[in-house]
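> Show me the folded form of this:
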Amino acid sequence: MDEWLTRARDALAQTANMPAAELELNDQTAATLLDLAALAAHESGERTNAPLLCYLVGKAEHGGVDLETLATALRQP
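Numbers count the residues shown, from 1 in each chain. I've put the predicted structure just below:
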């Protein structure tokens with residue numbers, strides 16, 4: 001993670017009263033989220049859908065479904 005994102009992660013972790021390590025992004029997760037953001041922006045024609053989709057994915061993942069399963073569902077035609 002770059003410096004800005006690390007600071008954002010730390011602020012979120014502190015605010016949520018959780019260890020920052022729980023919000024760590026590995027390369028594969030980052031690549032999947034960026035791919036989904038691009039998919040949302042290009043498929044919908046609205047750039048603003050990219051962060052909104054990533055938020056929804058995070059909420060769904062919090063419900064117990066892993067990121068790759070969610071990404072597969074979104075990539076379906």
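> Tell me the buried residues in the longest helix anywhere in the chain?
Longest helix of the chain, by residue count under DSSP state H: helix 27-44. By 16 or more other CB atoms under 10 Å, the buried positions in helix 27-44 come out as T32, L33, L36, A37, L39, A40, A41. (Glycine included, C-beta is placed from N, CA and C.)
> with these in mind, which one is nearest to R75?
Using CB to CB, L39 is the member of the buried residues of helix 27-44 that lies nearest R75, at 6.9 Å.
> related to what we said a few turns ago, tell me which two of the buried residues of helix 27-44 sit farthest apart.
Every pair of those checked by CB to CB; the farthest is T32 and A41, at 15.1 Å.
> quick revisit: what does the longest helix of the chain contact?
Applying CB atoms under 8 Å, 6 or more residues apart in numbering, the external contacts of helix 27-44 come out as 1, 25, 46-47, 49-54, 57, 67-68, 71, 74-75.
> and with 6 Å instead?
R47, N49, A50, L53, C54, L67, A71, L74 (CB atoms under 6 Å, 6 or more residues apart in numbering).
> circling back: going by distance to A16, which of the buried residues of helix 27-44 wins?
Nearest to A16 among these, counting by CB to CB, is L33 at 18.5 Å.
> Spell out the residue ranges of the helices in this protein.
3-16, 27-44, 49-62, 67-75.
> quick one: contacts for the residue lying closest to D10 once chain neighbours are set aside?
Distances taken as CB to CB, 6 or more residues apart in numbering place A20 nearest to D10, at 5.3 Å, with adjacent residues excluded. Taking CB under 6 Å, 6+ apart as the contact definition, A20 lies against R9, D10, A13.
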